[in-house]
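[1] sequence and computational prediction follow.
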Amino acid sequence: DSGVTQTPKHLITATGQRVTLRCSPRSGDLSVYWYQQSLDQGLQFLIQYYNGEERAKGNILERFSAQQFPDLHSELNLSSLELGDSALYFCASSVVPGWANEGYTFGSGTRLTVV
Amino acid sequence: EDKVVQSPLSLVVHEGDTVTLNCSYEVTNFRSLLWYKQEKKAPTFLFMLTSSGIEKKSGRLSSILDKKELFSILNITATQTGDSAIYLCAVELRGDDKIIFGKGTRLHILP
């Protein structure tokens, strides 16, 4: 167990629907990162939060949004889902941005299947 | 555009062989280079490299960074079937704190 908890582990939903993925960072980590992993694109950085504030944005679609709450857990909201959104979504955490001495700790991921 | 390129994309070797995985990068504001091993699910951290020429070693795995030529290699000696995994290279950027991953090298070790 890495200490980063992601729920749910699996999600199957229909096109056009909206889902919320949840991440609880490792105890003591203030920074949360979201990634999307598909077979052809590899791990794509979506967005990063630090202590409740958005810190960096990657290739995140406008249909996607995220936030980090006061208790430091984070949610990734995916709306108007399309077949191409099917992927493994990872959350990672670190103590502070740029503190990679122990590497960013990844959760086990949420596998999203859009049908 | 910032990018990280890994090669080869896949590799099949026999147990006991030595393998070298490559990672080259072109980024605007380099902070560090990270190697991860991904088996079934979550990537697990292997190394972080920030300085050129200093080898990091952990058991049969070692890695080194060349900041002049903008690449890193990950060596695995005396490979075992348990080394079969996807090896990911990532570059952490200074300033905007983004981390860019390569597409990975899928390594398969035959018994």
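    Arrived safely, thanks for sending. Numbers count the residues shown, from 1 in each chain, chains lettered A, B, ... in the order given.
[2] end to end, how far does stretch A:14-27 reach?
    Length of stretch A:14-27, first residue to last, CA to CA, to the nearest Å: 34 Å.
[3] same check, this time on stretch B:61-70
    Across stretch B:61-70, the terminal residues are separated by 20 Å (CA to CA).
[4] what's around the closest residue to chain A within chain B, how many residues?
    Taking CB to the nearest CB as the measure, the point where chain B comes nearest chain A is residue B:45, at 2.6 Å. Just so you know, the C-beta spots here come from the backbone N, C-alpha and C atoms, and that holds for glycine as well. Here the count is done by other CB atoms under 10 Å in any protein chain shown, and residue B:45 has 18 residues near it.
[5] hey, what's it bridged with?
    Residue B:45 forms beta bridges with residue B:36, as assigned by DSSP bridges.
[6] ditto for residue B:57
    With beta bridges defined as DSSP bridges, residue B:57 has these partners: residue B:62.
[7] burial count for it?
    Counted with other CB under 10 Å, the neighbours of residue B:57 add up to 11.
[8] repeat that for residue B:7.
    Using other CB under 10 Å as the criterion, the residues surrounding residue B:7 number 14.
[9] now do the closest residue to it other than its chain neighbours, the pLDDT please.
    Closest residue to residue B:7 in three dimensions, ignoring its sequence neighbours and counting by CB to CB, 6 or more residues apart in numbering or on different chains: residue B:22, at 4.8 Å. The predicted local confidence for residue B:22 comes out at a pLDDT of 98.
[10] surely residue B:22 and residue B:11 touch.
    No. Counting by CB atoms under 8 Å, residue B:22 stays clear of residue B:11, with 10.5 Å between them.
[11] show me which residues of chain B sit near chain A.
    Applying CB under 8 Å from any CB of the partner chain, we find that chain B lies next to chain A at B:31-32, B:34, B:36, B:41-46, B:48, B:88, B:90, B:92, B:94, B:96-104.
[12] just the ones in strands from those, please.
    B:31-32, B:34, B:36, B:44-46, B:48, B:88, B:90, B:92, B:99-101 (DSSP state E).
[13] show me which residues of the lowest-mean-pLDDT helix or strand in chain B are buried.
    None of the helices or strands of chain B scores lower by mean pLDDT, DSSP states H and E than strand B:99-101, at a mean of 88. Judged by neighbour count using 16 or more other CB atoms under 10 Å in any protein chain shown, the buried positions of strand B:99-101 are B:99, B:100, B:101.
[14] quick check: the gap between residue A:34 and residue B:12.
    When CB to CB, to the nearest Å is applied, the distance between residue A:34 and residue B:12 equals 33 Å.
[15] now the strands for chain A?
    Secondary structure of chain A (DSSP E): strands at A:5-7, A:10-13, A:19-24, A:31-38, A:42-50, A:53-57, A:64-68, A:74-78, A:87-94, A:105-106, A:110-114.
[16] export those to JSON lines and tack on distance to chain B and mean neighbour count?
    Formatted as JSON lines, these follow (distance: least, CB to the nearest CB, whole Å; neighbours: other CB atoms under 10 Å in any protein chain shown):
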{"stretch": "strand A:5-7", "distance to chain B": "9", "mean neighbour count": "17"}
{"stretch": "strand A:10-13", "distance to chain B": "12", "mean neighbour count": "14"}
{"stretch": "strand A:19-24", "distance to chain B": "12", "mean neighbour count": "19"}
{"stretch": "strand A:31-38", "distance to chain B": "7", "mean neighbour count": "24"}
{"stretch": "strand A:42-50", "distance to chain B": "4", "mean neighbour count": "22"}
{"stretch": "strand A:53-57", "distance to chain B": "5", "mean neighbour count": "14"}
{"stretch": "strand A:64-68", "distance to chain B": "14", "mean neighbour count": "19"}
{"stretch": "strand A:74-78", "distance to chain B": "15", "mean neighbour count": "21"}
{"stretch": "strand A:87-94", "distance to chain B": "7", "mean neighbour count": "25"}
{"stretch": "strand A:105-106", "distance to chain B": "4", "mean neighbour count": "22"}
{"stretch": "strand A:110-114", "distance to chain B": "9", "mean neighbour count": "18"}
